[in-house]
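In: Here is a sequence together with a model predicted from it:
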Amino acid sequence: MQTDVIVVGAGPAGSTAARGIAERGAGVLLLERAKFPRDKPCGGGVTVRCAALLPFSIEPVVEDVITGARMKIRGHREVNRDSKAPITYMTQRRRLDAFLVEQAQAAGAEFRDGQGVTGIVRLPDGTFEVTTKDGTHHARVIIGADGANGVVGNRLGYEAAGESAVALEGNYAYPDGVPADLRHRVVLHFGDYPGGYGWIFPKGDHVNIGVGGWKSAMGPRLRELLQHLCQTYGFDVDDLQGLRGHHLPMQRRGMVMAAAGSALVGDAAGLVDPLSGEGIYGALRSGSLIVPAVEDYLAGRVKTLAGYQLALERDLIPEVETSVALMEIFHAWPDPFVWLLQHFGPFWGGACAAIRGETTYIDLTYRLGAPGRALLGPAARAGRFVSSRRVARG
Ligand SMILES: Cc1cc2nc3c(=O)[nH]c(=O)nc-3n(C[C@H](O)[C@H](O)[C@H](O)COP(=O)(O)OP(=O)(O)OC[C@H]3O[C@@H](n4cnc5c(N)ncnc54)[C@H](O)[C@@H]3O)c2cc1C
């Protein structure tokens, strides 16, 4: 098949890019390895700021609306905090991703599932030849939305995103509905998970229970830590269904995410938020930011997709870098951080505002004044987050 753009991978990043590009009138082929609907390791939490990136409601696939949190550090007393407005929507990835693909198809993108991409070659004229088990396709642009260590980045010589974080999760079934004390609030357990936390997220007929954190410290102990979380809240880890683990890819300093006619979005570009582990936001944001760059490239107004990289560096990377700094502070002193969340209204309110997209990590940090800027390092102290990354020209 000959088309303008091939998007590899139909997670939130790929379907968002495919929808946006198709809406602007270009031909898009969205290739997906799995047969849809498919599940993937994920808590399925879509923050309000994340859902707000979409021009349509995800209400048809929302199973619970979160307005509060039950928080506890190690064996200490649990504290509940609530918010007047929704903070996060709970869905299942098999439902969310299928829904997002439907929107891309409605915009005109052609979706083919069960089509793992095995080969990508950049031809002398700058176009791409893409191979799946069923044949060969050609396009002027290729977008890698195929997750960490995806085939697109690998074949085209991009540096892989860092694999510093891992998570393991499973579902505990409640066929008659989730009990009231687990509905509408997330359970967050801190202190026992280096670089991360444990969670219980309510869905329609089950809860999702998981742990995540630094790969170096948690990788070999993921199951043991999940068992610990289960015991803390009265579950048996052996009762969890569909246990799945995965990496959470993180940005490397200076990572190149775009070149002539190719780009990486979502997990393939390492856009997970280091503090929270939220990755769907980075997927949707990058999947939208790539659209104008592709439109300009197809129209011949630019020679590379470098505009996308610059847009990421302006709009998203500063937040990711601030999140790294906050994550390091949090994990150096988890007790005061959690205490503030539990007992200090403005701190909890600030966290909710950030999750809703009413403020940003950078704004919150600046509100702390000089101590905040000092903690966040030289870039923040200088009052700017301008990156010195070079944009690929190749
Ligand atoms: C345990 C765990 C819990 C998480 N919980 C949350 C959460 O609650 N909220 C949140 O915001 N984030 C969460 N994340 C992060 C989030 O899951 C990811 O950041 C997000 O899925 C990234 O979306 P994506 O579209 O970039 O990639 P993906 O969703 O991984 O999609 C990539 C797609 O590419 C396809 N693919 C791969 N290779 C090929 C190929 N060769 N050819 C064709 N297709 C291919 C895959 O089958 C897949 O469908 C969690 C992650 C983990 C591991």
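Out: On my side now, so go ahead. Residues are numbered from 1 along each chain as shown.
In: Sketch out the low-pLDDT regions of the stretch 51-200 of the chain for me.
Out: By pLDDT under 70, the stretch 51-200 of the chain contains no weakly predicted segment.
In: who in it is up against the ligand?
Out: Neighbours of the ligand within the stretch 51-200 of the chain, by Cβ under 6 Å from any ligand atom: 116-117, 145-147, 150-151, 167, 169. (Each C-beta comes from the backbone N, C-alpha and C, glycine too.)
In: For stretch 240-250, which outside residues touch it?
Out: Stretch 240-250 has contacts (Cβ atoms under 8 Å, 6 or more residues apart in numbering) with 39-41, 147-149, 160-173, 206, 209, 212, 215, 222, 226, 230, 267-268, 270-272, 274, 277, 279.
In: Among the residues you listed, name the buried ones.
Out: Using 16 or more other Cβ atoms under 10 Å as the burial test, the contacts of stretch 240-250 include 41, 147-148, 160-172, 206, 209, 212, 215, 222, 226, 230, 267-268, 270-272, 274, 277, 279 as buried.
In: where do the strands sit along the stretch 101-250 of the chain?
Out: 110-112, 117-122, 128-132, 135-144, 162-173, 185-190, 197-202, 206-214, 241-250 (DSSP state E, counting those that start in this stretch).
In: strand partners of the longest one, parallel vs antiparallel please.
Out: Within its sheet, strand 162-173 is paired with strand 206-214 (antiparallel), strand 241-250 (antiparallel), according to DSSP bridges.
In: For the closest residue to G195 other than its chain neighbours, name its beta-bridge partners.
Out: Nearest residue to G195 in three dimensions, chain neighbours excluded: W214, at 3.2 Å (Cβ to Cβ, 6 or more residues apart in numbering). In this structure, W214 bridges to A165 when assessed by DSSP bridges.
In: what's the answer for N171, then?
Out: N208, Q241.
In: Tell me who's in contact with it.
Out: Contacts of N171 by Cβ under 8 Å, 6+ apart are 203, 206-209, 240-242.
In: Can you give me the distance of Q2 to the ligand?
Out: As for Q2, its distance to the ligand is 19 Å (criterion: Cβ to the nearest ligand atom, to the nearest Å).
In: so that residue touches R140, yeah?
Out: No. With contacts counted by Cβ atoms under 8 Å, Q2 stays clear of R140, the gap being 9.5 Å.
In: Neighbour count: those two, which is higher?
Out: R140 (19 against 10; other Cβ atoms under 10 Å).
In: What separation is there between that one and the ligand?
Out: On the measure of Cβ to the nearest ligand atom, R140 and the ligand end up 19 Å apart.
In: Wondering if the helix or strand where A293 lies reaches the ligand at all.
Out: In the assignment (DSSP states H and E), A293 maps to helix 280-298. Yes. For a cut-off given as Cβ under 6 Å from any ligand atom, helix 280-298 has contacts with the ligand, namely 280-281, 283.
In: Send over that helix as CSV, restricted to the C-alpha atoms.
Out: What follows is helix 280-298, C-alpha atoms only, in CSV (Å, rounded to 0.1, in the frame of the first residue of the first chain):
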residue,chain,number,x,y,z
ILE,A,280,-1.1,8.3,28.7
TYR,A,281,-0.7,12.1,29.0
GLY,A,282,2.6,12.1,27.3
ALA,A,283,1.2,9.7,24.7
LEU,A,284,-1.7,12.0,23.8
ARG,A,285,0.3,15.2,24.0
SER,A,286,3.0,13.9,21.7
GLY,A,287,0.5,12.3,19.4
SER,A,288,-1.1,15.8,19.0
LEU,A,289,2.2,17.8,18.8
ILE,A,290,3.4,15.7,15.9
VAL,A,291,0.4,16.6,13.7
PRO,A,292,1.3,20.2,12.5
ALA,A,293,4.9,19.1,11.9
VAL,A,294,3.7,16.2,9.6
GLU,A,295,1.3,18.6,7.8
ASP,A,296,4.2,21.0,7.1
TYR,A,297,6.4,18.2,6.0
LEU,A,298,3.9,16.7,3.6
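In: ok, the contacts of N171 vs the ligand, which is closest?
Out: N208 (7.9 Å; Cβ to the nearest ligand atom).
In: Just list the residues touching the closest one, thanks.
Out: Taking Cβ under 8 Å, 6+ apart as the contact definition, N208 lies against 43-44, 169-171, 199-201.
In: How about the backbone phi and psi for the residue in the chain positioned nearest to the ligand?
Out: In the chain, the residue that lies nearest the ligand is G279 (1.7 Å; Cβ to the nearest ligand atom). Torsion angles at G279 (phi, psi; degrees, to the nearest 10) stand at phi -120, psi -20.
In: hang on, isn't it packed against D273?
Out: Yes. Using Cβ under 8 Å, G279 makes contact with D273 at a distance of 7.1 Å.
In: Among the residues of helix 280-298 next to the ligand, name the buried ones.
Out: The neighbour-count criterion (16+ other Cβ under 10 Å) marks 280-281, 283 among those as buried.
In: Could you grab the helix/strand/coil label for L96?
Out: Secondary structure for L96, judged by DSSP: H, G, I helix; E, B strand; the rest coil, is helix.
In: So it sits against G45, correct?
Out: No. Counting by Cβ under 8 Å, L96 does not reach G45; the two are 10.5 Å apart.
In: Find the residues that touch each one of the two.
Out: I280.
In: Pick out the most distant pair among the residues of the stretch 51-200 of the chain next to the ligand.
Out: Farthest apart among these by Cβ to Cβ are V117 and E169. That separation is 26.8 Å.
In: Please name the nearest non-neighbouring residue to the spatially most central residue of the chain.
Out: Nearest to the mean C-alpha position of the chain, counting by Cα atoms, centre = their mean, stands G279 at 1.0 Å. Distance criterion Cβ to Cβ, 6+ apart; nearest residue to G279, sequence neighbours excluded, is V272 at 4.0 Å.
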